[in-house]
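J.: Build me a model from this:
(chains A and B)
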Amino acid sequence: QKEVEQDPGPLSVPEGAIVSLNCTYSNSAFQYFMWYRQYSRKGPELLMYTYSSGNKEDGRFTAQVDKSSKYISLFIRDSQPSDSATYLCATNAGKSTFGDGTTLTVKP
Amino acid sequence: GAVVSQHPSRVICKSGTSVKIECRSLDFQATTMFWYRQFPKQSLMLMATSNEGSKATYEQGVEKDKFLINHASLTLSTLTVTSAHPEDSSFYICSAPSPVSYEQYFGPGTRLTVT
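T.: Numbers count the residues shown, from 1 in each chain, chains lettered A, B, ... in the order given. Okay, here's the model as predicted:
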């Protein structure tokens, strides 16, 4: 079993839609949870990071962690074509463990 | 913010030759760096952990004699793909952990094409 499982996608939504990206993890010792965004042919960049359970909001993006169910989510409100990218969830520090990524396309 | 650079960004080489990729942390020191490979439409696959001043740690299934890693200074790690073959064609990305948070800073990647 992989330590981090990510909903595979791909996802295609119209501009303005609410997007939900989801991951589950298996190791209850993980405490830090990150979402990275990767545009085509570029290295990933950190989008959001949370510690332990709860929600964290940054503009149109909300990261949610439920440690009781080992579930990680990223919500994008009012999605834009510029949000089209691959989103990777990751846990912990140093040698981060990544999900396989979900490719999102937001159509104008 | 902290930046990690990679050089070259793109390289084409002939089968059987060796290619060196550099990864530099530009404004911070990195005792550890990570090397990933990413095939089209697939996620990052960790190849190895590069440790400054000591041997790299390779993930299972990664040939250490084929993918030589040298972390000679606190700001530079190199990955050399030896005797490259077409199946080694991929996007290689390095990263370094932030010294102040749990973020990893990723390089922009190197696209290797072996003909």
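J.: looking at chain A, which helix or strand is least sure?
T.: Of all helical and strand segments in chain A, the minimum by mean pLDDT, DSSP states H and E falls on strand A:97-98, at a mean of 81.
J.: strands paired with it, and their directions?
T.: strand A:85-91 (antiparallel) (DSSP bridges).
J.: In the strand it pairs with, which residues have enough neighbours to count as buried?
T.: Neighbour-count burial for strand A:85-91 flags A:Ala85, A:Thr86, A:Tyr87, A:Leu88, A:Cys89, A:Ala90, A:Thr91 (criterion: 16 or more other C-beta atoms under 10 Å in any protein chain shown). Heads up, the C-betas are built off the backbone N, CA and C, glycines and all.
J.: thinking the first one is in contact with A:Tyr36, fair?
T.: Looking back up the chat, that one is A:Ala85. No. The criterion here is C-beta atoms under 8 Å, and A:Ala85 misses it with A:Tyr36 at 9.5 Å.
J.: Find me the pLDDT at the residue nearest to B:Phe34 when sequence neighbours are not counted, would you?
T.: Nearest residue to B:Phe34 in three dimensions, chain neighbours excluded: B:Ser95, at 4.8 Å (C-beta to C-beta, 6 or more residues apart in numbering or on different chains). B:Ser95 is assigned 93 on the pLDDT scale.
J.: for the helix or strand hosting B:Ser95, packing partners?
T.: Using DSSP states H and E, the element containing B:Ser95 is strand B:90-97. On a contact count with 3 or more C-beta pairs under 8 Å, 6 or more residues apart in numbering or on different chains; DSSP states H and E, strand B:90-97 meets strand B:4-7, strand B:19-25, strand B:32-38, strand B:76-81, strand B:104-106, strand B:110-114.
J.: List the pairing partners of the third one within its sheet, with orientation.
T.: Counting by DSSP bridges, the strands paired with strand B:32-38 are strand B:45-51 (antiparallel), strand B:90-97 (antiparallel).
J.: How about the fifth one?
T.: The strands beside strand B:104-106 in its sheet (DSSP bridges) come out as strand B:90-97 (antiparallel).
J.: Quick one: distance of the strand it pairs with to the chain centre.
T.: In this view, strand B:90-97 has its centroid 5 Å away from the chain centroid, taken as C-alpha atoms, centre = their mean, to the nearest Å.
J.: and it with strand B:110-114, angle?
T.: Orientation check (axes from the mean of the first three to the mean of the last three C-alpha atoms, to 10 degrees): strand B:90-97 against strand B:110-114 gives 150 degrees.
J.: any residues touching strand B:90-97, and which ones?
T.: A:41, A:43-44, A:93-94, B:2, B:4, B:6, B:21, B:23, B:25, B:28, B:30, B:32-40, B:44, B:50, B:77, B:79, B:81, B:103-112 (C-beta atoms under 8 Å, 6 or more residues apart in numbering or on different chains).
J.: Out of those, which end up buried?
T.: A:43-44, A:93, B:2, B:4, B:6, B:21, B:23, B:25, B:28, B:30, B:32-38, B:44, B:50, B:77, B:79, B:81, B:103-110, B:112.
J.: How much space separates the nearest residue to A:Lys2 once chain neighbours are set aside from A:Gly54?
T.: Excluding the flanking residues, the one nearest A:Lys2 by C-beta to C-beta, 6+ apart is A:Ser26, at 7.7 Å. Going from A:Ser26 to A:Gly54 by C-beta to C-beta, to the nearest Å gives 20 Å.
J.: Equivalent analysis for B:His71, please.
T.: B:His71 sits at a distance of 37 Å from A:Gly54 (criterion: C-beta to C-beta).
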